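Student: Coordinates only, no sequence provided:
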């Protein structure tokens, strides 16, 4: 199923050069500095459940596409908020998925799935209604074997280091279990404080209370709250964290006087904060986090611009993160100015910007990252973690920001088996781009060679301090 | 004039595959589910007037380009609002057009014109000042012959079905004439209620009165008004309509409580409605139309984002639709939420979204259509009904929404002779795209083959229920 | 270092055709209708100072990229506002530049630099830490020779005419010196009135006073102010000016009643004008300038959308124009309507629009320029003056506006040695685009040939009336 020259240029000379470049990076270890795998997998090292639970039920890329064509989420086993009936028979879910596999034609999900089916599970025929049962049985059988347990796959995938993402309210017990186990796979955490930074997050006040308990300070005062962040960041660092991550609706930042920030925090605790004040508070906290990064060295990631849980109906029936997070137009130039005026010139700070609004690449993000020392551009993200998305990222950022203001690849996934596929896609797309630069006289071959390694491996390690 | 491999990839292998795919779809019948041809042509089956009246005077793509380079619209025969002098000598208009034919280089108008000149009229030399007269004479001569009458061309163009667009105030007498004639060409109408849905439309109150008369209800009450829509939709359905069409300045939707909607309607009738209230009313009516679609099965099309009649001077002198409709930035994520919360999860509803703002394809439209069952994406439209526009449409929607959340091609034209050319361009561009997907390992050839037929024919029939 | 077929298509047939087209235009004279070279160079014809002063210190493309990677601007010799220490040793600056030359990989700066190094100075090895000293010595040695003086280079670069840019407060003494010298190089000025049109410009009231003195009228009254513009425009015309240039934060235009305009002007003089009023005044002045253009024939250029001097820290330490001008989203459809309603239909007026927001090309600018006789589109500008930027410009404007609503190339640079390189890049990119159009059946070869010359030379001369 996997074309050996997939994603390389059509022109034979360019294809040959792309392959040559790719051959030197295809076996490099995977550095995965940002993602959502479950540390419990590596802690317990239990077998993954059935094929549907591995490939369909948890993957919102997969089930939202099926849903968009009229297939009920309950028929796909997606859990309900009310605990009501949802399909539990993996084989039934798998058949429904297989019958509709044509919906994924030319999508990145299809590439990732085919890659996992062939490379991880050794399948060689395309999924379809006809092959559904045999595929299901084959994968199910594999999953019973030791070489398909999480740690074995981690090693087989050649993962040098992987970051998970946890809230400050997490006690990191699975990370502790991994550490205590003596297994030498490197699984690190990352600090994602949305539940204690976003006044509109469910249970904000309760979260702050718990936050204080975990940090062993009174987090309900402004100074205690900041201290709690410092403590939890240090705790996360002790479990390998090198970064924090912030998923706000917009890129707004603020650098408020401390008394104003304190006043917003007090309002947030009472729940009587307006939406705009909540937005200002989140924006101010980005600048506070950046200042803490200057102290403790954590890399700060900003993931803005998603309208979360767009469908009221899906939110009510199935809850968060069910494929209804929709990108919105996002401005950076005015939004980031407060943070940049405060810390943008700091050479020892790294702020990594992501976007779901491609129009900002050439217009705003590349010019900003090509000027401010603290800024770097994160890779093509989420809806753009795809061959065309990655190509457009390079074509619209490189001429202004160069390669060295970018940070390599993020897989940003909870779909463990897709990780090698995603990194492979990124490496192929980058090598195709480099080959075309060489053959159009914009880069020399030795430079392309060096860059291929940087983009596949070196830049991610360096930018994330891993 | 027509390159046999036009619009195919440059790479020889990809070109061969694109041609192979194209050869299987080039002769498929034309399904034209959305357009602006005049039903009177097919009703009366009279000869088209002279070449200028066929190709220049009614085509705003053509005369606006000439106007942009300093040629008066009156010299091109475009009628004046005040009934004043405008050129009536077809040959003079044609010569002016021919002398300036270089202005159309590399535009889609040029492709459509060359296609019609060669394929419909058998011309083989490029239009120019030198060839103006001989071309004019040749086409004029053709137009006198029976095989160039509207119905003969309809059949020669292999049109399986074509939709025209009428207002609810239209009595559909030309459609009735066609039906009564016994001719078996399938010409259906579509329901475009702008004059009775947009409070800012000229003569809104008068229109509502006439609307009620035609629907045989009192349309000046809110409930009577809704009933009038139901009646006229049923009437349109009886003349083959399978869709409604809505051309609003923005994508705003509302789902207001009935008493609020009624209050806006009452204000609209008095003419004392503010622009924002008018916008809210239009937005609410989209949701009402969607609810009626759930009852009667009409497909709902939203064509937003055009700043109509931008030039005050042209509007005053020549009136509406004279090439001065300019696209504007359009947001969908917030704008569509009221409608989507009301009916977005309905599997039996089809809402087709168009855009004049390409930035929304990858950022908003593909993610929305790739999630909501009711949503589908219309093809590249108007300014983007062009080879590069179509290619960008596929490149920015497919990875997120796939192919099956799109609906094939619309020619959306009143230029009858351009219809085969437009469908041919779409089929070529899609086959080129599919060939490149196959040769970069993103699709297998049998899948590309199936998709070529779906994109050229199957999806339009299915989505529009034709 | 320079690939002979750089920037041509990969496909061999297309590459051959692109080269054939390019060969017919590569030696055409350079018409440079918009730029920022220093007329003093041509007036005094002194040797350029050292290599660092020629290539690094004045080029914000170069030093901002180095700064973005943590290199201090003072180490690069960039002057400080407070006159404090900055590096003055050219060789030290050059070494730092050379050590970090990899940062420019695949950027247009790299292409321009390599072109200048090889074509102007005869260097054949890539700049690096290893070659820093030998390169420095070689260029420094060249700069001492007569054939590297400004006038000699001007002639060697085959510049037919070049426009500089001056404020109405400039007495044009260097232009007078050039004229008096008897040298026949054609160096013309352009009228850039920001200091006397923008109420937020530093020293606005003082500027107006000086403006009046130079124009020999009382410019502190509204009618005197307009008269002063007329006088200075006539003075600039006497030094060859054929255009004015306007760099506003947005594309806003206004066409206010004269008493309102007068009132804003009076407020501006007192300094008690609000930011929005200042914006309205600037917008109104565009329409006034357009009306003067109708009288005196100067072409009006609008360069909107840059957030100037984004970093407060850099502005404080190093002042304006230090690589921190960041593009912003820019709307044209509503913004330009007042000006277009006033003068947009005038055939004898030429308004050239530029953008830093690529999303407006296909959505707004091409439709506007493809309709209004007064409008033309300026070339890909600033961050988009690059191979991919130019290609996107053609791909997103040609299908709607054609080629003849565009105006050829602008180098818009103060980096004198980069001028041949920039024009060469534009000619190559255009020929590549034309070749692909021919081979995909969208243009015939004789048309491509004619267009190659128009895009490289003819359109700029015609549009700028040079």
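Tutor: Sure thing, it's come through. Note that this is a predicted model, so its numbers are computed, not measured.

Student: Setting the sequence-adjacent residues aside, check what's closest to the closest residue to chain C within the stretch 101-250 of chain A.
Tutor: Closest residue of the stretch 101-250 of chain A to chain C, CB to the nearest CB: residue A:250 (13.9 Å). (Glycine included, C-beta is placed from N, CA and C.) Excluding its sequence neighbours, the residue lying closest to residue A:250 (CB to CB, 6 or more residues apart in numbering or on different chains) is residue A:304, at 5.6 Å.

Student: follow-up on the earlier one: contacting residues around the residue of the stretch 101-250 of chain A closest to chain C?
Tutor: Counting by CB atoms under 8 Å, 6 or more residues apart in numbering or on different chains, residue A:250 touches A:279, A:304, A:305, A:330, A:331, A:335.

Student: Can you name the next helix or strand after the helix or strand harbouring residue A:317?
Tutor: Using DSSP states H and E, residue A:317 maps to helix A:312-318. Later in the chain than helix A:312-318, the nearest helix or strand by DSSP H and E is strand A:326-327.

Student: For the closest residue to chain B within the stretch 151-300 of chain A, the count of nearby residues, please.
Tutor: As assessed by CB to the nearest CB, chain B sits closest to residue A:249 within the stretch 151-300 of chain A, at 11.0 Å. A total of 18 residues lie near residue A:249 under the criterion other CB atoms under 10 Å in any protein chain shown.

Student: My understanding was that it contacts residue A:302; is that so?
Tutor: No: if you go by CB atoms under 8 Å, residue A:249 and residue A:302 don't touch, sitting 11.7 Å apart.

Student: Now do the SS call for residue A:212.
Tutor: helix (DSSP: H, G, I helix; E, B strand; the rest coil).

Student: tell me the contacts of it?
Tutor: Residue A:212 neighbours (CB under 8 Å, 6+ apart): A:218, A:219, A:220, A:224, A:225, A:228.

Student: Quick check: residues of the stretch 201-350 of chain A near chain B?
Tutor: A:307, A:310, A:311, A:312, A:313, A:314, A:323, A:324, A:326, A:327, A:328, A:329 (CB under 8 Å from any CB of the partner chain).

Student: Give the buried residues for the helix holding residue A:317.
Tutor: A:314, A:315, A:317, A:318 (16 or more other CB atoms under 10 Å in any protein chain shown).

Student: One more: stretch A:369-377?
Tutor: So for stretch A:369-377, counting by 16+ other CB under 10 Å, buried means A:369, A:370, A:371, A:372, A:373, A:374, A:375, A:376, A:377.

Student: Just those: which are in strands?
Tutor: Those of these mapping onto strands are A:375, A:376, A:377, per DSSP state E.

Student: now those residues as CSV including distance to chain B and pLDDT?
Tutor: Output for those, formatted as CSV (distance: CB to the nearest CB, whole Å; pLDDT from 0 to 100):
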residue, distance to chain B, pLDDT
A:375, 22, 98
A:376, 22, 98
A:377, 17, 98
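
Student: Go through those residues and name the one nearest residue C:210.
Tutor: Using CB to CB, residue A:375 comes nearest to residue C:210 of these, at 39.9 Å.

Student: Report the separation between residue A:93 and residue A:38.
Tutor: Residue A:93 is 20 Å from residue A:38, where distance means CB to CB, to the nearest Å.

Student: Comparing the two, which shows the higher neighbour count?
Tutor: Taking other CB under 10 Å, residue A:93 and residue A:38 do not tie; residue A:93 has more neighbours (26 against 14).

Student: so which helix or strand takes in that one?
Tutor: helix A:90-99.

Student: Show me what the next helix or strand after that helix is packed against.
Tutor: Next in sequence after helix A:90-99, counting helices and strands by DSSP H and E, comes helix A:108-115. Contact here means 3 or more CB pairs under 8 Å, 6 or more residues apart in numbering or on different chains; DSSP states H and E; on that basis helix A:108-115 packs against helix A:60-68, helix A:419-439.

Student: Compare the ones you listed and give me the one nearest chain B.
Tutor: helix A:60-68 (4.9 Å).

Student: Let me know the angle separating that closest one from helix A:90-99.
Tutor: Relative orientation of helix A:60-68 with respect to helix A:90-99: 70 degrees, computed using axes from the mean of the first three to the mean of the last three CA atoms, to 10 degrees.

Student: how about the helices in the stretch 151-300 of chain A?
Tutor: A:173-181, A:194-197, A:204-215, A:222-238, A:258-270, A:275-296 (DSSP state H, counting those that start in this stretch).

Student: So which elements touch the fourth one?
Tutor: Counting contacts by 3+ CB pairs under 8 Å, 6+ apart, helix A:222-238 is packed against helix A:204-215, helix A:258-270, helix A:275-296.

Student: rerun that using 6 Å as the cut-off
Tutor: helix A:204-215 (3 or more CB pairs under 6 Å, 6 or more residues apart in numbering or on different chains; DSSP states H and E).

Student: need the residues of chain A near chain C, please.
Tutor: Proximity of chain A to chain C is confined to A:11, A:14, A:333, A:341, A:345, A:347, A:359, A:362-363, A:367-368, A:370-371, A:373, A:395, A:398-400, A:402, A:404-405, A:437, A:439-443, A:447 under the rule CB under 6 Å from any CB of the partner chain.

Student: who's in contact with residue A:211?
Tutor: A:168, A:196, A:219, A:228 (CB atoms under 6 Å, 6 or more residues apart in numbering or on different chains).

Student: give me the number of residues near the closest residue in space to residue A:354 that isn't next to it in sequence?
Tutor: Counting by CB to CB, 6+ apart, residue A:354 lies nearest to residue A:378, which is 4.0 Å off, once chain neighbours are set aside. Neighbour count of residue A:378, defined by other CB under 10 Å: 25.
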